[in-house]
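Student: My questions are about this predicted structure, shown below with the sequence.
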Amino acid sequence: MFAIHAKKRKLAVELGHEEVRMLLARGEKVERYQVFPLGGFSLAGLDSQLKNFKGRKKSEVILVIPRSSVIERQFELEPDGEELHEAFLEKIRQTMPVSLDEVSYGMKIQKKGRGISGILLATPLRSLNEMLKILNQAGIFPDEIVSSDQALFQVAQREERLLPTPKGVPPDLYGAALLEGHSIISLLPREKKIEKREKEKKRLLRDTGILFMVLLFLVFFGVSLHRYRETDHLKRLDNELARLKPEIMKLEKVISTLEIFHQYAESNLLLLRLMKEMSQSVPGEVVLEGLAWDKTGIRLRGTSPSYSGVVGTTQSLAKAGLLESPHLEYARLREKESRDFFEFEVSADRKEENPRRGESLWAGPSTQERLAKAQALLRSKYLYLKDYESFKKAAPEFFSSSDLMNDWVRELVAALESHGFKVNQLQPQGMEDKGNYKSGAVKILFAGELKGLIAFLYRFISPNSGVLAERLVISREKSQKPDLTYEAQFSKLFL
């Protein structure tokens, strides 16, 4: 068995009675072809000529022997309890005109149904050894021996793909140089095969050992040098990081506070924009019966005298571009006072929020990376502090030391009543300490007109308010027309 890689340099050789033909190729490209007469000069002279032909680059040598010097036998065997390989060899011995010890042979065996089929190629060992002796004296040592018909078969396959053989080049030599990726029946003498494998093993072991020692030395030297240099470098980095740490920790608290306020403002702005878009784009024939808003998205309930109103409401959510996956939950046909109408519900999901800045840079995997993060943070220090100071000026009440939660709840009730709402129930949820800030929450039930809600929200959850509308449910009660009932939960940040 044998294969030649596509780009490997190959030297195909054919020895005749009066000449040696040689072809040097790399892949399908022929580098040179030449015929060397045997009678014109000595083997030593031939050796010199061949060395000039081959050049110094290493090539894989393939010896091509004529088909007329090869014996072929094909067999099929059914298992009969004997070892298949031995049974195959025994059948070969019975049909061969000479002993297997007198030939150099190769075979290929494959399964066929319940049995096996095989082919054997053999060439007289004496004439082959004489041929190898001549080539060895001329400095040619074949790595493989193939019959000319195997090489010609390779050329025939190539020409079936409309790839002609280069002019002036013997097809058998060219085909031998093209052999790759095929199962080849090798005619290399058995002892040569064994010798070749042993040499390759020894060379591989030797080269592997040398390479291992070199790599081991380089690794040891590199690690030692790296540690030597890193020790002083890391010490300087640690000192610089320790110097920056107090300032960085203060700045991180500022950034964390700003991030949570910005998230509150973005969420509130989304709710206000969504309510504005819906008031402008929902078809006029639609009567909205309810709205539910929370961190997951929005759900709208309503009625419409036609299905086009249902479709229009769903499309208005999609066209707003503020939410994801707007879709119709259901639409049911109802009858009232001999008139048909549709009762429906549509919903949409909130888009994934931008992630916060993440863990503190002190949790970084290495001193060097932590220092790089610290330096990058300090380069933006002025912008963060400027933003923070502007926020403090716009919302000084966050920094008050009075009873923050009670003051805020009273402010909430007063704001609702000033917009015409009646507060029915109030459930403070208490305060939670977040480290850099405190958070208070309250659930509240109230009633009033929708236009008052819009005005209230624009004032009470403004960008600098530090208030988050976590949940808002609007429903229409028959007994309270034209008023609506509201269930909301608001959160407030305190610094």
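Tutor: Received it, and whenever you're ready, just let me know what you need.

Student: Output stretch 465-479 as CSV, nothing but the C-alphas.
Tutor: This file holds the C-alpha atoms of stretch 465-479, laid out as CSV (Å, rounded to 0.1, in the frame of the first residue of the first chain):
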residue,chain,number,x,y,z
SER,A,465,-36.8,61.8,39.0
GLY,A,466,-35.1,58.5,39.9
VAL,A,467,-38.5,56.9,39.7
LEU,A,468,-39.2,53.7,37.7
ALA,A,469,-42.6,52.6,36.6
GLU,A,470,-42.1,48.9,37.2
ARG,A,471,-45.6,47.8,36.5
LEU,A,472,-48.8,49.5,35.2
VAL,A,473,-52.2,47.9,34.7
ILE,A,474,-55.1,49.9,33.2
SER,A,475,-58.6,48.5,33.1
ARG,A,476,-62.1,49.8,32.4
GLU,A,477,-64.8,49.1,34.8
LYS,A,478,-68.4,49.4,33.6
SER,A,479,-69.5,51.0,36.9
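
Student: what's next to that stretch, contact-wise?
Tutor: Under the contact criterion C-beta atoms under 8 Å, 6 or more residues apart in numbering, stretch 465-479 has outside partners 261, 264, 267-268, 271, 288-295, 395, 398, 441, 450, 453, 457, 460-461, 483-494. C-beta coordinates here come from the backbone N, C-alpha and C atoms, glycine included.

Student: For the residues you listed, which PyMOL command selects only the ones that are buried?
Tutor: Listed next is the PyMOL selection for buried residues among the contacts of stretch 465-479, using 16 or more other C-beta atoms under 10 Å:
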select buried, resi 261+264+267+268+271+288+289+291+292+293+395+398+441+450+453+457+460+461+483+484+485+486+487+488+489+490+491+492+493+494
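
Student: Restricted to strands, list the contacts of stretch 465-479.
Tutor: Assigned to strands by DSSP state E, the following of these qualify: 288-293, 441, 484-494.

Student: so where do the helices sit in the stretch 301-450 of the chain?
Tutor: Applying DSSP state H, counting those that start in this stretch to the stretch 301-450 of the chain gives helices spanning 307-320, 367-379, 381-394, 404-418, 450-460.

Student: mind checking which of these is nearest residue 250?
Tutor: Minimum separation from residue 250 across the helices of the stretch 301-450 of the chain (C-beta to C-beta) falls at helix 381-394, 9.6 Å.

Student: Now that closest one - C-alpha only, CSV.
Tutor: Listed next in CSV are the C-alpha coordinates belonging to helix 381-394 (Å, rounded to 0.1, in the frame of the first residue of the first chain):
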residue,chain,number,x,y,z
LYS,A,381,-13.2,60.3,34.6
TYR,A,382,-14.0,63.8,33.7
LEU,A,383,-17.1,62.9,31.7
TYR,A,384,-18.5,60.6,34.4
LEU,A,385,-18.0,63.2,37.2
LYS,A,386,-19.4,66.0,35.0
ASP,A,387,-22.5,63.8,34.4
TYR,A,388,-22.8,63.0,38.1
GLU,A,389,-22.5,66.7,39.2
SER,A,390,-25.1,67.7,36.7
PHE,A,391,-27.4,65.0,38.1
LYS,A,392,-26.9,66.2,41.7
LYS,A,393,-27.8,69.8,40.7
ALA,A,394,-30.9,68.6,38.9
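
Student: what's the average pLDDT for that helix?
Tutor: Averaging pLDDT along helix 381-394 gives 72.

Student: need the longest helix for this structure.
Tutor: Across the chain, the longest stretch assigned as helix under DSSP state H is helix 190-281.

Student: Tell me which other helices or strands that helix touches.
Tutor: Helix 190-281 sits against strand 287-293, helix 307-320, helix 367-379, helix 381-394, helix 450-460, strand 467-475, strand 484-494, with contacts defined as 3 or more C-beta pairs under 8 Å, 6 or more residues apart in numbering; DSSP states H and E.

Student: quick one, phi psi at the closest residue to residue 174 other than its chain neighbours?
Tutor: Spatial nearest neighbour of residue 174, chain neighbours left out: residue 165 (5.6 Å); criterion: C-beta to C-beta, 6 or more residues apart in numbering. The phi/psi pair for residue 165 (degrees, to the nearest 10) reads phi -70, psi 140.

Student: Use 25 as the first number for this chain going forward.
Tutor: All right, first residue 25 from here; so that's residue 189.

Student: thought residue 189 was touching residue 195?
Tutor: Yes. At 5.4 Å, residue 189 counts as touching residue 195 under the criterion of C-beta atoms under 8 Å.

Student: Mind listing the shared neighbours of the two?
Tutor: Joint contacts of residue 189 and residue 195 (C-beta under 8 Å, 6+ apart) are residue 179.

Student: tell me the domain ranges of the chain?
Tutor: 33-212, 420-519 (automatic domain parsing).

Student: Make TSV out of the ones you listed and add distance to residue 364.
Tutor: Below are the domains of the chain laid out as TSV (distance: least, C-beta to C-beta, whole Å):
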stretch	distance to residue 364
domain 33-212	72
domain 420-519	20
